[in-house]
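Chemist: Sequence and predicted structure are below.
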Amino acid sequence: MKKIIVACGSGVATSQTVASKLDKLLKGKGVPAQVEAVDIKSLKHHVKDADAYVSIVKTKDQIDIPTFNGIAFLTGMGQDAELQKIIDFLQA
(Lines give C-alpha, C1' and ligand atoms only; values in the text may rest on other atoms or scores of the structure.)
Protein backbone atom coordinates (compact mmCIF):
# COMPACT_ATOMS: atom_id res chain seq x y z
CA MET A 1 0.00 0.00 0.00
CA LYS A 2 1.36 3.42 -0.94
CA LYS A 3 1.90 6.07 1.73
CA ILE A 4 0.86 9.70 1.32
CA ILE A 5 2.01 12.38 3.73
CA VAL A 6 0.20 15.68 4.28
CA ALA A 7 2.17 18.50 5.91
CA CYS A 8 1.30 21.84 7.46
CA GLY A 9 3.10 24.14 9.88
CA SER A 10 2.22 22.25 13.05
CA GLY A 11 1.00 18.88 11.82
CA VAL A 12 -2.10 19.23 13.95
CA ALA A 13 -5.12 21.04 12.56
CA THR A 14 -4.84 21.71 8.85
CA SER A 15 -2.85 18.66 7.82
CA GLN A 16 -5.06 16.42 9.97
CA THR A 17 -8.16 17.87 8.30
CA VAL A 18 -6.77 17.35 4.79
CA ALA A 19 -5.39 13.89 5.60
CA SER A 20 -8.72 12.77 7.05
CA LYS A 21 -10.68 14.14 4.09
CA LEU A 22 -8.30 12.59 1.56
CA ASP A 23 -8.40 9.24 3.36
CA LYS A 24 -12.22 9.28 3.35
CA LEU A 25 -12.38 10.24 -0.34
CA LEU A 26 -9.91 7.52 -1.35
CA LYS A 27 -11.77 4.88 0.69
CA GLY A 28 -15.02 6.02 -0.92
CA LYS A 29 -13.48 5.34 -4.32
CA GLY A 30 -12.09 1.98 -3.17
CA VAL A 31 -8.48 3.14 -3.53
CA PRO A 32 -6.18 1.86 -0.78
CA ALA A 33 -3.56 4.22 0.66
CA GLN A 34 -2.02 5.10 3.99
CA VAL A 35 -2.54 8.83 4.60
CA GLU A 36 -0.58 10.48 7.40
CA ALA A 37 -0.47 14.07 8.70
CA VAL A 38 2.96 15.45 9.66
CA ASP A 39 4.45 18.81 10.58
CA ILE A 40 6.54 20.68 8.04
CA LYS A 41 9.62 20.63 10.29
CA SER A 42 9.82 16.83 10.09
CA LEU A 43 8.92 16.65 6.39
CA LYS A 44 12.44 15.68 5.25
CA HIS A 45 12.35 12.70 7.62
CA HIS A 46 8.88 11.54 6.53
CA VAL A 47 9.53 11.98 2.79
CA LYS A 48 12.06 9.12 2.94
CA ASP A 49 9.28 6.62 3.71
CA ALA A 50 6.48 8.18 1.65
CA ASP A 51 5.37 7.65 -1.94
CA ALA A 52 3.64 11.03 -2.35
CA TYR A 53 3.32 14.38 -0.62
CA VAL A 54 0.21 16.57 -0.34
CA SER A 55 1.39 20.15 0.13
CA ILE A 56 -0.49 22.75 2.13
CA VAL A 57 2.37 25.18 2.76
CA LYS A 58 5.44 25.95 0.69
CA THR A 59 8.72 24.46 1.79
CA LYS A 60 12.27 25.52 1.01
CA ASP A 61 13.32 21.89 0.73
CA GLN A 62 13.45 19.98 -2.54
CA ILE A 63 10.83 17.21 -2.45
CA ASP A 64 11.77 14.31 -4.71
CA ILE A 65 8.45 12.46 -4.65
CA PRO A 66 5.21 13.28 -6.48
CA THR A 67 3.60 16.35 -4.89
CA PHE A 68 -0.08 17.28 -4.98
CA ASN A 69 -2.05 20.41 -4.06
CA GLY A 70 -3.56 20.08 -0.57
CA ILE A 71 -5.28 23.47 -0.67
CA ALA A 72 -7.85 21.96 -3.04
CA PHE A 73 -9.03 19.71 -0.20
CA LEU A 74 -9.46 22.70 2.13
CA THR A 75 -11.32 24.98 -0.27
CA GLY A 76 -13.03 22.39 -2.45
CA MET A 77 -11.87 24.30 -5.53
CA GLY A 78 -10.19 21.86 -7.89
CA GLN A 79 -10.65 19.03 -5.40
CA ASP A 80 -12.07 16.52 -7.88
CA ALA A 81 -9.24 17.11 -10.35
CA GLU A 82 -6.56 16.85 -7.66
CA LEU A 83 -8.17 13.72 -6.22
CA GLN A 84 -8.12 12.14 -9.67
CA LYS A 85 -4.41 12.96 -10.04
CA ILE A 86 -3.73 11.22 -6.72
CA ILE A 87 -5.85 8.21 -7.69
CA ASP A 88 -4.06 7.96 -11.04
CA PHE A 89 -0.71 8.02 -9.23
CA LEU A 90 -1.78 5.39 -6.70
CA GLN A 91 -3.09 3.06 -9.38
CA ALA A 92 -0.05 3.44 -11.68
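Modeler: Perfect, I can see it now.
Chemist: contacts and neighbour counts: CA atoms only from here.
Modeler: Will do.
Chemist: Contacts only, for the residue nearest the centre of the chain.
Modeler: Here the mean C-alpha position of the chain is nearest to the C-alpha of Val54 (Cα atoms, centre = their mean), at a distance of 2.8 Å. By Cα atoms under 8 Å, 6 or more residues apart in numbering, the contact list for Val54 reads 4-7, 67-70.
Chemist: Mind doing that once more with 10 Å?
Modeler: Val54 sits next to 4-8, 15, 18-19, 22, 35-37, 66-71, 73, 82, 86 when contact means Cα atoms under 10 Å, 6 or more residues apart in numbering.
Chemist: Assumed it was part of a helix.
Modeler: No. Counting by DSSP: H, G, I helix; E, B strand; the rest coil, Val54 is located in no helix; its state is strand.
Chemist: Just the ones in strands from the contacts of Val54, please.
Modeler: Using DSSP state E, the subset of the contacts of Val54 located in strands is 4-8, 35-37, 67-69.
Chemist: which residues sit against whichever helix in the chain runs longest?
Modeler: Ranked by number of residues, the top helix in the chain under DSSP state H is helix 14-28. For helix 14-28, contacts defined as Cα under 10 Å, 6+ apart pick out 4-11, 13, 29-40, 54-57, 70-74, 79-80, 83-84, 86-87, 90.
Chemist: Buried subset of the residues you listed, written for ChimeraX?
Modeler: The ChimeraX command for the buried members of the contacts of helix 14-28 (criterion: 16 or more other Cα atoms under 10 Å) is given here:
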select :4,5,6,7,8,9,11,31,32,33,35,36,37,38,39,40,54,55,56,70,71,72,73,79,83,86,87,90
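Chemist: Under the pLDDT cut-off, which ranges of this protein? List them.
Modeler: When residues are selected by pLDDT under 70, those of the chain lie in 11.
Chemist: hmm, try it at 90
Modeler: 8-13, 39-42, 57-62 (pLDDT under 90).
Chemist: What residues does the closest residue in space to Thr59 that isn't next to it in sequence make contact with?
Modeler: Nearest in space to Thr59, with sequence neighbours left out and distances taken as Cα to Cα, 6 or more residues apart in numbering, is Ile40 at 7.6 Å. For Ile40, the set of contacting residues under the criterion of Cα under 10 Å, 6+ apart consists of 6-11, 15, 46, 55-59.
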